[in-house]
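Chemist: turn this into a model:
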Amino acid sequence: MKEILFNLMMLILFLVALFVFGFLYLIDKLPFDINRKTLDPIYAFIEKWSSKINGWSWHKRWGDKDKGTGYKNEK
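Modeler: Purely as a prediction, here's the structure:
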């Protein structure tokens, strides 16, 4: 149950990150400039949570040789 909740949390964080990236893409297309101080917290949020998602996915893939998906199945 704990792992299911953790996976759900990571999925939600991933969807939030996609939303933020889409938002930033749209900001780049605006005809006027946005203040740097306005964008800095958004970039900090993306840096923090993308690294957490990266660490989580790395451990899911390579962390356990028996259950990890990155290893060849020798059976």
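Chemist: ok, which stretches of this protein are helices?
Modeler: With DSSP state H as the criterion, the chain has helices at 2-28, 36-62.
Chemist: relative to helix 2-28, how tilted is the last one?
Modeler: Looking back up the chat, that one is helix 36-62. Orientation check (axes from the mean of the first three to the mean of the last three Cα atoms, to 10 degrees): helix 36-62 against helix 2-28 gives 140 degrees.
Chemist: and the helices of the chain as TSV, adding mean neighbour count, mean pLDDT and distance to Gly70?
Modeler: Bear in mind the C-beta positions are built from the backbone N, C-alpha and C, glycine included. Output for the helices of the chain, formatted as TSV (neighbours: other Cβ atoms under 10 Å; pLDDT from 0 to 100; distance: least, Cβ to Cβ, whole Å):
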stretch	mean neighbour count	mean pLDDT	distance to Gly70
helix 2-28	11	81	17
helix 36-62	12	84	4
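Chemist: and the gap between the residue most central in space within the chain and Pro31?
Modeler: In the chain, the centroid-proximal residue (Cα atoms, centre = their mean) is Ser50; its distance is 3.8 Å. Relative to Pro31, Ser50 is positioned 28 Å away (Cβ to Cβ, to the nearest Å).
Chemist: repeat that for Val20.
Modeler: 21 Å.
Chemist: now Lys65
Modeler: 53 Å.
Chemist: among these two, which residue is more densely surrounded?
Modeler: Set Lys65 next to Pro31 and count neighbours by other Cβ atoms under 10 Å: Lys65 wins out with 8 against 4.
Chemist: how far away is the more buried one from Gly55?
Modeler: From Lys65 to Gly55 the distance is 18 Å (Cβ to Cβ).
Chemist: cool, Phe45 as well?
Modeler: Phe45 is 16 Å from Gly55, by Cβ to Cβ.
Chemist: got it, and Phe14?
Modeler: 13 Å.
Chemist: repeat for Gly22
Modeler: 23 Å.
Chemist: try Leu15
Modeler: Following Cβ to Cβ, the distance that separates Leu15 from Gly55 is 18 Å.
Chemist: thanks a lot, see you next time.
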